[in-house]
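Colleague: Take a look and give me a structure for this.
(2 chains)
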Amino acid sequence: MPDPPNAQIASLFDELADLYELDGAVIHRVMAYRNAAKAVRDAGTSVAAMTRAGEVTEMPGIGKTLEEKITALLDTGTIPAVEKLRAKFPPGLVDMTRLPGLGPKRARKLFDELGIDSLAALKQAAEEQRLRGLRGFGPKFEEAMLTAFAAGVDETPRARVLLSRALLIGDGIAEALRAHPASDRVELAGSARRMADAVKDLDVVATATDPPALLRAFAALDVIEQCSEPGENACRARTHTGMAVDFRVVEPDQFGNVLQHLTGSKEHNVALRERAVRKGLHVSEYGILDDADGKTHRCPTEEAVYAKLGLPWIPPELRENRGELDLDAIPPLVEMADLKGDLHMHTVASDGRNTIEQMATAALERGYEYIAITDHSASHGFGNDVSPDELRRQIERVREVNAAIDGIEILIGTESNIHTDGRLDYDDDLLAELDWVIASVHTSFGVGSEQMTARVVAACEHPSCDAIGHLTGRKIETRPPYAIDVNAVIEAAARTQTMLEINSSADRRDLNDVHARAAAQAGVRILINSDAHGVNTLGIVRWGVATARRAWLGPDQVANTLPWSEFAPLRKRVAG
DNA sequence: GCCGTTTTCGGCCCGACTGTTTTCAGTCG
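Modeller: Numbers count the residues shown, from 1 in each chain, chains lettered A, B, ... in the order given. Here you go, the predicted structure:
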């Protein structure tokens, strides 16, 4: 039996949390399971392997009991408590808690008293006004349920919005508000500020000389479709694209507290407050209450908030409670300006829109010292035209352009498909003639974890394979990663000196933050590549850089921050 | 269920809102 991936262990713990909550367990026990689920999901190495090694209780949030549960999962393929509770509560009960205002306590009551065990049964009971007889439930509750059903809560939940789309709106709003004469400071908060993969809504915080005027200006922005009646210092709006936007104007001396509070994440804030309590400090969005003097300290800046707690200012990308609160000093994080090359891009030879010359000129304008032209290989649909003979002609073309354009090294490469048996496209001789090979999976996603892992590990072992592209094949919000043992690939990449790419496409960001951090810790060299299909998308490395920063990567862990003279010898074909 | 510069037991972040209730539990972010 293959080891369960971290994601599977995490989702079982989350399910246990839901089930124990329905079972009426004390909330702190439920929270312990949720914390453990997050810790497992964010772990950079195999939790199953750690358990076998007897090291899993070293993880924060995993104690003896949870260790036993993971051990049971490894030994028997299941966790007894999960089986027992699944038998006790129908799955529809957890679905019911998706409704606004209906949590586990009330769902349990509906089940016990009225036998309601699914969204459908709940809807029918609300329509028949059978809920209002129950103590604690009234007509308003029935109405709220029916409103929620009418809005389609029982259908697929609304997808979150890609960061790139959210920031297009959020940055625009912030800029417009900054330009308004009544505004002072304006910042985006929330998960967009943390550069998460996708976001649910936008939070904007401001200070202003004339708050009502700024609130009115916000409501009148072109992107806003509708806005609540502006209150004294806040309003809630929806954009034409359907995004919710919360806007708050606050006192300047509290700006730091509110910005910190609204930036989150929830987990970061909870952990931050727990630590503060141990020092006699109580953190809220309004200030920091100090037991020592009984005063609430207001902070105009986030720096002041963290300083009061004895911490350095923590970059928003790190605020996920993944160890950032243990830092004495913040390590350097990679920036856009650090990038000196881009090792994955397409031209008209396959599915790109621009020529070699155009891509090279655009890269030069970005200040790059080197790029690799990596059109799709022949076995992939987009690369049908790049036959072996065509690739040989492309080698000549790239060499000519490289000679003609000063100031940038243009590598001839390929993005080779990885076949199901781990072979790359093109003969080894032809691959060896190239300057650079990045290998990616584009076909047969469903071969299963074992074969997929063996397939990519085999590619790592190829002497001409310099890097692996978009390792897990995920598309954020639309396609889950295919089954693959990422930790095994990381081990193989470290052993074979194969680089791993963070693909910067806004909907890929693959490696993700957790995997990229694990890979770097294992000594794998990371690349941040655009996978650009035209000159106008070279800049999407912004999203790859964001993922790298969320992975705690500094410039020294990202290979393409090196100048060409230092990057060139790292390639397997040169290093030998 | 986890955890420890107050602790191996007794705590476990903070505040707002809501509906139903006569003082608050449950839910949410």
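
Colleague: Relative to A:Thr147, how far out is the residue nearest to A:Phe137 when sequence neighbours are not counted?
Modeller: With Cβ to Cβ, 6 or more residues apart in numbering as the criterion, A:Phe137 has its nearest non-adjacent residue at 4.8 Å, and that residue is A:Leu131. Using the backbone N, CA and C atoms, a C-beta is placed for each residue, glycine as well. Distance, A:Leu131 to A:Thr147, using Cβ to Cβ, to the nearest Å: 14 Å.

Colleague: In terms of neighbours, single out the busier of these two.
Modeller: Between A:Leu131 and A:Thr147, counting by other Cβ atoms under 10 Å, A:Leu131 is the more crowded of the two (22 against 13).

Colleague: which stretches of the stretch 1-150 of chain A form helices?
Modeller: Assigned by DSSP state H, counting those that start in this stretch, the stretch 1-150 of chain A shows helices spanning A:6-22, A:27-42, A:47-52, A:64-76, A:80-88, A:92-96, A:104-114, A:119-127, A:139-150.

Colleague: Identify each buried residue in the fourth one, please.
Modeller: Which is helix A:64-76. Buried residues in helix A:64-76, counted by 16 or more other Cβ atoms under 10 Å: A:Leu66, A:Glu67, A:Lys69, A:Ile70, A:Thr71, A:Leu73, A:Leu74.

Colleague: And for the second one?
Modeller: Within helix A:27-42, the residues that qualify as buried by neighbour count (16+ other Cβ under 10 Å) are A:Val30, A:Ala32, A:Tyr33, A:Arg34, A:Asn35, A:Ala36, A:Ala37, A:Lys38, A:Ala39, A:Val40, A:Arg41, A:Asp42.

Colleague: could those residues be laid out in a markdown table, adding distance to DNA strand B and pLDDT?
Modeller: Putting those into a markdown table (distance: Cβ to the nearest atom of the strand, whole Å; pLDDT from 0 to 100) gives the following:
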| residue | distance to DNA strand B | pLDDT |
| --- | --- | --- |
| A:Val30 | 8 | 95 |
| A:Ala32 | 3 | 95 |
| A:Tyr33 | 6 | 96 |
| A:Arg34 | 10 | 94 |
| A:Asn35 | 7 | 94 |
| A:Ala36 | 6 | 95 |
| A:Ala37 | 11 | 95 |
| A:Lys38 | 12 | 94 |
| A:Ala39 | 8 | 94 |
| A:Val40 | 12 | 95 |
| A:Arg41 | 16 | 92 |
| A:Asp42 | 14 | 91 |
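
Colleague: Adding distance to A:Gln260, write those out as JSON lines.
Modeller: As requested, those are exported to JSON lines (distance: Cβ to Cβ, whole Å):
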{"residue": "A:Val30", "distance to A:Gln260": "27"}
{"residue": "A:Ala32", "distance to A:Gln260": "26"}
{"residue": "A:Tyr33", "distance to A:Gln260": "27"}
{"residue": "A:Arg34", "distance to A:Gln260": "23"}
{"residue": "A:Asn35", "distance to A:Gln260": "21"}
{"residue": "A:Ala36", "distance to A:Gln260": "26"}
{"residue": "A:Ala37", "distance to A:Gln260": "25"}
{"residue": "A:Lys38", "distance to A:Gln260": "20"}
{"residue": "A:Ala39", "distance to A:Gln260": "23"}
{"residue": "A:Val40", "distance to A:Gln260": "27"}
{"residue": "A:Arg41", "distance to A:Gln260": "24"}
{"residue": "A:Asp42", "distance to A:Gln260": "21"}
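
Colleague: coming back round to it: my guess is the residue nearest to A:Phe137 contacts A:Leu110. True?
Modeller: Yes: contact status for A:Leu131 versus A:Leu110: in contact at 7.4 Å, counting by Cβ atoms under 8 Å.

Colleague: Quickly list what's touching both of these two.
Modeller: A:Ala125 (Cβ atoms under 8 Å, 6 or more residues apart in numbering).

Colleague: per-residue confidence for the residue most central in space within chain A?
Modeller: For chain A, the residue nearest the mean C-alpha position is A:Asp197 (3.7 Å; Cα atoms, centre = their mean). If you check A:Asp197, the pLDDT there is 97.

Colleague: Also A:Gly352?
Modeller: Here the pLDDT value assigned to A:Gly352 is 95.

Colleague: Need the three-state assignment for it.
Modeller: Judged by DSSP: H, G, I helix; E, B strand; the rest coil, the three-state class of A:Gly352 is coil.

Colleague: which ones are touching it?
Modeller: A:Met345, A:His346, A:Met359, A:Asp375, A:Ala532, A:His533, A:Gly534.

Colleague: Looking at the residues you listed, which are in strands?
Modeller: The strands in this structure, assigned by DSSP state E, contain A:Asp375 from these.

Colleague: Can you flag which of the contacts of A:Gly352 belong to helices?
Modeller: A:Met359 (DSSP state H).

Colleague: Greatest separation within the contacts of A:Gly352: which pair is it?
Modeller: Distance extremes for the contacts of A:Gly352: the farthest pair is A:Asp375 and A:Gly534 at 13.0 Å, using Cβ to Cβ.

Colleague: who's more crowded, those two?
Modeller: When neighbours are counted by other Cβ under 10 Å, A:Asp375 comes out ahead of the other of A:Asp375 and A:Gly534, with 26 against 16.

Colleague: Quick check: beta-bridge partners of that one?
Modeller: A:Thr414 (DSSP bridges).

Colleague: Can you tell me which residues in the stretch 201-350 of chain A are near DNA strand B?
Modeller: Residues of the stretch 201-350 of chain A lying near DNA strand B by Cβ under 7 Å from any atom of the strand: A:266, A:269-270, A:273-274, A:276-278, A:280, A:282-286, A:289.

Colleague: quick one on the thing from earlier: among the contacts of A:Gly352, which one lies nearest to DNA strand B?
Modeller: A:Ala532 (35.8 Å; Cβ to the nearest atom of the strand).

Colleague: Tell me where the stretch 301-450 of chain A has strands.
Modeller: A:341-342, A:370-376, A:409-417, A:436-440 (DSSP state E, counting those that start in this stretch).

Colleague: mind listing the strands for the stretch 151-300 of chain A?
Modeller: A:161-162, A:183-188, A:198-199, A:201-208, A:224-227, A:234-239, A:244-249, A:281-284, A:287-290, A:295-297.

Colleague: what about the third one and DNA strand B, any contact?
Modeller: If I follow you right, that is strand A:198-199. No: Strand A:198-199 does not reach DNA strand B (Cβ under 7 Å from any atom of the strand); its nearest approach is 12.1 Å.

Colleague: helices and strands around that strand, which ones?
Modeller: strand A:161-162, helix A:163-178, helix A:190-193 (3 or more Cβ pairs under 8 Å, 6 or more residues apart in numbering; DSSP states H and E).

Colleague: Spit out the contact partners of A:Phe247.
Modeller: Residues in contact with A:Phe247 (Cβ under 8 Å, 6+ apart) are A:Val204, A:Ala206, A:Leu215, A:Phe218, A:Ala234, A:Cys235, A:Arg236, A:Ala237.
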